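give me the fold of what follows.
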Amino acid sequence: MSTLADDLLLVLLDADTGRPKVERTMFDYALSGAVLLHLALDHRVDIPPGPSRRARVVVLDPGSTGDDVLDDALHRIETTPARADKLVPALSKGLRARLLGRAERQHLVHHEEDRVLRLFRRDRWPAGDARTRSRLVARLSDVLLRGTTSDPRTSALIALLAAIDAAHVVVDARGRADRAAVRRRAREIGAGAWAADAVRKAVEAVQAAVAASTTGAVVAATTAST
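Residues are numbered from 1 along each chain as shown. Now for the predicted structure:
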């Protein structure tokens, strides 16, 4: 079974160009946030809210999940406890490459390489067997564009998209009014009315961690360039 991070990877990659639909750091941090949220929804970790030192993510069940990416994340969290906003960038290291590798092995994407100005190599990952991605995007479109009731798995995926303000990009909302409506709907679902209190707190904590990590990375990059 795919993880939330596997699903997020597919919907954030353009099926034709094979390039991310969002800025790459944002892409990577959303993927690691998806790993954290998946572990929280499976009751493997507890993610306390807030920025204090006491708000470190705690492993509740260190047993194997049956998924190597999730297992490695659990091990990292257990051996190096940290707040969620610190874990998001830490868990992102190498994560995209691992997820792309297994998506390629499953024929969900295929790797292409080209050159920019004949000098700089650029990797692209267009859709292979596009049925999985199409099903995910169709479900997201039903919920975000047509108001269909969302299931918990789809809601969690939408919460992650809301954290990086990318829901309207994934479902290809056209026109200012549609984009605004999708953003509003994504924020409402991301707020967690669909979830029990403990799950809602985990969703909010991961959203805040992804947003804080992304903002910090952008600020650092801007400062370095000035």
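
identify the residues contacting stretch 104-123?
Under the contact criterion Cβ atoms under 8 Å, 6 or more residues apart in numbering, stretch 104-123 has outside partners 10, 13, 18, 100, 103, 124-129, 132-133. (Each C-beta comes from the backbone N, C-alpha and C, glycine too.)

please read the previous query as pertaining to stretch 38-53.
3-5, 36, 54-62, 65, 70, 73-74, 77, 83-85, 152, 156, 199, 201-202, 204-206, 208-209.

filter the residues you listed to the buried ones?
3-5, 36, 55-57, 59, 65, 70, 73-74, 77, 83-85, 156, 199, 201-202, 204-206, 208-209 (16 or more other Cβ atoms under 10 Å).

can you tell me the closest non-neighbouring residue to residue 130?
residue 15 (5.9 Å; Cβ to Cβ, 6 or more residues apart in numbering).

the one you found: neighbour count?
17 (other Cβ atoms under 10 Å).

and it, how far from residue 172?
11 Å (Cβ to Cβ, to the nearest Å).

run the chain-centre distance for stretch 143-152.
18 Å (Cα atoms, centre = their mean, to the nearest Å).

cool, stretch 6-24 as well?
11 Å.

got a list of contacts for it?
27, 30-31, 34, 96, 99-100, 102-103, 108-109, 112, 124-127, 130, 132-133, 136-137, 140, 157, 160-161, 164, 166, 169-170.
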